[in-house]
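Peer 1: Here is a sequence together with a model predicted from it:
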Amino acid sequence: MSKRGELAIERKHHGHNCAQAIACTYADCVGADEELLYMINQGFGGGLGGMEGHCGCLSGASVILSLKGESKTKTAGEMKRITGEFKERNSSVICKDLKGLKTGKMLRSCDDCVRDVCEFIEEYLDIK
């Protein structure tokens, strides 16, 4: 795993929600202020406000891709691709399903979701 992926997981373990961990880890790649990204992503964790909906890692990725400065169409297309790959890999993009909260069967741990999204972002940003 990449150094940034490790950093994102470390941030997740030390108080950042999943969206904050992703966005803050890549702030420098898009010329954004890390503290501002931390605040912007506060409501995305836990599946959007703790409602266990759409995975916060993907929300954080959307913020980073949006700040990259590409066109709306290109950003939306890339998020569609990333979300599709995430769903293909993990069978869902919904936090409660990934965690197995209703079924008791975890599809993917939060750490692994962070790893996956970091991989997708680094591919998009061409980080070696």
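Peer 2: Structure's in. What do you need?
Peer 1: For the residue most central in space within the chain, which non-adjacent residue is closest in space?
Peer 2: When Cα atoms, centre = their mean is applied to the chain, the residue found nearest the centroid is residue 57 (2.2 Å). With Cβ to Cβ, 6 or more residues apart in numbering as the criterion, residue 57 has its nearest non-adjacent residue at 4.1 Å, and that residue is residue 117. Glycine gets a C-beta too; all of them are placed from N, C-alpha and C.
Peer 1: Any idea how many residues pack against the one you found?
Peer 2: By other Cβ atoms under 10 Å, the residues close to residue 117 number 30.
Peer 1: pLDDT on the longest helix anywhere in the chain, on average?
Peer 2: Counting by DSSP state H, the longest helix found in the chain is helix 72-90. Averaging pLDDT along helix 72-90 gives 97.
Peer 1: returning to what we had before: what helix or strand does the residue nearest to the centre of the chain sit in?
Peer 2: Taking DSSP states H and E as the criterion, residue 57 maps to helix 56-67.
Peer 1: Which neighbouring elements make contact with that helix?
Peer 2: helix 18-25, helix 72-90, helix 110-125 (3 or more Cβ pairs under 8 Å, 6 or more residues apart in numbering; DSSP states H and E).
Peer 1: Now do the buried residues in that helix.
Peer 2: Buried residues in helix 56-67, counted by 16 or more other Cβ atoms under 10 Å: 56-65, 67.
Peer 1: what angle do it and helix 18-25 make?
Peer 2: 40 degrees (axes from the mean of the first three to the mean of the last three Cα atoms, to 10 degrees).
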